[in-house]
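here are the coordinates; sequence isn't available:
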């Protein structure tokens, strides 16, 4: 029906112009507008890929126009200050304000519903103290580490060059240098843009980028050479990441430029998919032996591993291997399933892996239960952008925090949700030179440093209000949650926290018994 109407209207317009041309010589100028419209309609009718356009010439294109701008319409005109996802407007605005060091106070009271189930807070002290935020640092490096690292409690989470532009990486690294905190390289290897003076945590994934041979296997000589660069302070072995646990990293081929291909040791223009699992080990003991090997090759720098918690028995197997071999990682990074990435299957992002709160508490409990916690630091990663977000994670088991998307927001990310398309409008998650140029390093590096420093200061202010001098004094009972309209509980009442050595001897806690008995140091398979 619509097609017939379109054809009739088109015929009428052409006929009208033809008829009037006998009386008005300039009437055909009108076809400069109507001609392209009619042509688009005819093309809609003859194409066979989109039914909406074929059945509704011209007006069917509005559907695709509205779909293209839907995220922007939703973000700017529909969502409230607190309803946006992954980050609300309130969260984004706070990052922008702190990155620019402008006013970040809240007028006229909170917009949160304090009586909503799930609302969380921490209680203040009647005797608050002053906390020096510059002292909010931790030492990473256990008994087997020769070169411990003094780390900030807030650091840049893993984001590779390739996923991010060269200007974004430079701004992050220069910001880390200005603010005195660490920059995780992501699994894409160490690029020249990481070498701007900021401390580095070199992440090594299953693709071994930057330390691989022609067959894609780990090359100890290349690792030894790169790991002993002065800027490299720690090495992190990536087992899995929150946004896509159980799957390898993905960099779309459109982002794999000649330069990125050379840094990673992969073909130019081809999508890079890292293996799902490591090729250098396949047992818990093998994992620890590989960590020990990396620590030795690096000259004794702190080495740890990153994972999103999955099967509990597998992590128990790693703990049993630590007890059996005596080999301990210097740190463990726990990534929540709510973590972000530039590209992941929807099912992986939405339904695979353990959320950060539960994963962090479990890892902390496991290490405490095996008597290992005091020798291993824990980093937590997953949607941390505020001082309270840090207090929350530090109270339930973390020693330090990674922020990735928070740092992207500090760079100027507008949450356009185009990270996987190479069309990031602000030049962060793209390799398009025409877009990358928009990110001015000399401006954004200061914003990264400002966001870090102001957020750590907010942490210090909160701790001071709580009467606490250092995050290591935080406990689960410091975090309160409303469990229904009339009841509140602290995290110590909601979750089961173990005592030191509680998993070494029977009887085991009922919540851990089955997974513990199924685990073994020699294999990730069930016992």
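Good, I have the coordinates. Given the structure is predicted, the values throughout are model-derived calculations rather than measurements.

Run through this protein and note the low-pLDDT ranges.
Residues of the chain meeting the criterion pLDDT under 70: 71-72, 74, 76-78, 80-84, 246-251, 255, 340-344.

quick one, domains of it?
2-78, 142-414+432-518 (automatic domain parsing).

Just give the closest residue to residue 369, not the sequence neighbours.
residue 503 (3.2 Å; CB to CB, 6 or more residues apart in numbering). C-beta coordinates here come from the backbone N, C-alpha and C atoms, glycine included.

next one: residue 159
residue 186 (4.8 Å).

now the one you found: how far from residue 200?
11 Å (CB to CB, to the nearest Å).

More neighbours: the two, which one.
Per other CB atoms under 10 Å, whichever of residue 186 and residue 200 has more neighbours is residue 186, with 28 against 22.

Next, count neighbours for residue 496.
Neighbours of residue 496 (other CB under 10 Å): 12.

try residue 173
26.

One more: residue 348?
For residue 348, using other CB under 10 Å, the count is 18.

Same check on the one 10 residues further on?
Per other CB under 10 Å, the neighbour tally for residue 358 reads 14.

same thing with residue 347?
Residue 347, neighbours per other CB under 10 Å, totals 9.

Look up how far residue 244 lies from it.
For residue 347, the distance to residue 244 - CB to CB - is 10 Å.

can you check residue 420 too?
Taking CB to CB, one finds residue 420 at 12 Å from residue 244.

More neighbours: which of those two?
residue 244 (23 against 18).

any idea how far the more buried one is from residue 238?
Residue 244 is 12 Å from residue 238, where distance means CB to CB.

Kindly report the same for residue 35.
Distance, residue 35 to residue 238, using CB to CB: 57 Å.

Compare these two and say which is more crowded by neighbours.
residue 238 (23 against 14).

hang on, the more buried one packs against residue 308?
No: under the criterion of CB atoms under 8 Å, residue 238 is not in contact with residue 308, lying 10.2 Å apart.

Would you mind pulling the contact partners of stretch 505-520?
For stretch 505-520, the surrounding residues in contact (CB atoms under 8 Å, 6 or more residues apart in numbering) are 284, 311-314, 316-317, 319-320, 365, 369, 496, 498, 502-503, 526-527.

And stretch 478-490, by the same measure?
114-123, 391-392, 395-396, 466, 468, 476-477, 491, 494.

again, only using 10 Å
113-123, 357, 388, 391-396, 463, 466, 468, 475-477, 491-495 (CB atoms under 10 Å, 6 or more residues apart in numbering).

Buried ones among these?
122, 357, 388, 391-396, 463, 466, 468, 476, 491, 495 (16 or more other CB atoms under 10 Å).

Now the two most distant members of those residues.
Spanning the widest gap among the buried ones among the contacts of stretch 478-490 are 463 and 495, at 21.7 Å by CB to CB.

Tell me who's in contact with the residue nearest to residue 452 when sequence neighbours are not counted.
Among residues not flanking residue 452 along the chain, residue 179 sits closest, at 4.4 Å (CB to CB, 6+ apart). Remark: with contacts taken as CB under 10 Å, 6+ apart, residue 179 is in contact with 152, 154-156, 198, 445-446, 448-454, 456.

Select from those the one having the most neighbours.
Among the contacts of residue 179, residue 156 has the most neighbours (other CB under 10 Å), with 31 neighbours.

Wait, that residue touches residue 384, no?
No: look at residue 156 against residue 384 with CB atoms under 10 Å: they stay out of range, at 11.6 Å.

List the residues that are in contact with both of the two.
Applying CB under 10 Å, 6+ apart, one finds that residue 156 and residue 384 are jointly contacted by 402-404, 406.

Sort out for me which of these are in helices.
Applying DSSP state H to those, the entries found in helices are residue 406.

Just name the closest of the shared contacts of residue 156 and residue 384 to residue 275, please.
residue 404 (22.2 Å).

so how far is residue 245 from the residue nearest to residue 159?
Noted for residue 186: a distance of 16 Å to residue 245, by CB to CB.

ok, now residue 426?
Residue 426 is 28 Å from residue 245, by CB to CB.

what about the helices in the stretch 51-200 of the chain?
In the stretch 51-200 of the chain, the helices defined using DSSP state H, counting those that start in this stretch lie at 51-55, 60-73, 89-100, 166-179.

Show me the one of the ones you listed that comes nearest residue 232.
Taking CB to CB, helix 166-179 is the member of the helices of the stretch 51-200 of the chain nearest to residue 232, at 12.2 Å.

next one: that closest one to chain centre, how far?
On the basis of CA atoms, centre = their mean, to the nearest Å, helix 166-179 sits 17 Å off its chain's mean C-alpha point.

Now the host helix or strand of residue 305: buried residues?
In this assignment (DSSP states H and E), residue 305 forms part of strand 303-307. Neighbour-count burial for strand 303-307 flags 303-307 (criterion: 16+ other CB under 10 Å).

between these, which is nearest residue 39?
residue 306 (54.6 Å).

In the sheet, which residues pair with the nearest residue to that closest one once chain neighbours are set aside? Tell me.
Using CB to CB, 6+ apart and skipping the chain neighbours, the partner closest in space to residue 306 is residue 333 (3.7 Å). On the basis of DSSP bridges, residue 333 is bridged to residue 306, residue 379.

What residue, apart from its backbone neighbours, is nearest residue 260 spatially?
Leaving aside its sequence neighbours, residue 260 sits nearest to residue 162 (CB to CB, 6+ apart; 4.6 Å).

and the closest residue to residue 129 other than its chain neighbours, backbone torsions?
Take residue 129 and drop its neighbours on the chain: the residue closest to it by CB to CB, 6+ apart is residue 464, 5.2 Å away. Torsion angles at residue 464 (phi, psi; degrees, to the nearest 10) stand at phi -60, psi -40.

for residue 359, same thing?
phi -70, psi -40.

Check whether it really touches residue 306, as I assumed.
No: using CB under 10 Å as the test, residue 359 is too far from residue 306 to be in contact (11.6 Å).

Common neighbours of these two, please.
Each of 242, 334-335 lies in contact with both residue 359 and residue 306 under the rule CB under 10 Å, 6+ apart.

Number of residues surrounding the nearest residue to residue 103 once chain neighbours are set aside?
In space, and not counting its chain neighbours, residue 103 is closest to residue 97: 6.6 Å by CB to CB, 6+ apart. Residue 97 has 16 neighbours, counted by other CB under 10 Å.

For the remainder of this discussion, apply numbering that starts at 52.
Let's use 52 as the start, then, which means that last one is residue 148.

For residue 148, give its distance to residue 55.
57 Å.

same question, residue 219
52 Å.

circling back to that earlier point, and the residue nearest to residue 420, how close does it get to residue 422?
Applying CB to CB to residue 554 and residue 422 gives a distance of 8 Å.

re earlier: for the shared contacts of residue 207 and residue 435, pick the one with the most neighbours.
residue 457 (30 neighbours).

Could you double-check that it lies in contact with residue 505?
No: with contact defined as CB under 10 Å, residue 457 does not count as touching residue 505 (11.6 Å).

what residues are shared contacts of the two?
Counting by CB under 10 Å, 6+ apart, the residues touching both residue 457 and residue 505 are 145-146, 149-150.

What about residue 292, how many residues nearby?
Residue 292: 32 neighbours (other CB under 10 Å).

For the closest residue in space to it that isn't next to it in sequence, list the residues it contacts.
With CB to CB, 6+ apart as the criterion, residue 292 has its nearest non-adjacent residue at 5.3 Å, and that residue is residue 386. By CB under 10 Å, 6+ apart, residue 386 lies in contact with 208-209, 289-294, 296, 357-360, 404-405, 407, 410-411, 430-433, 453, 455.
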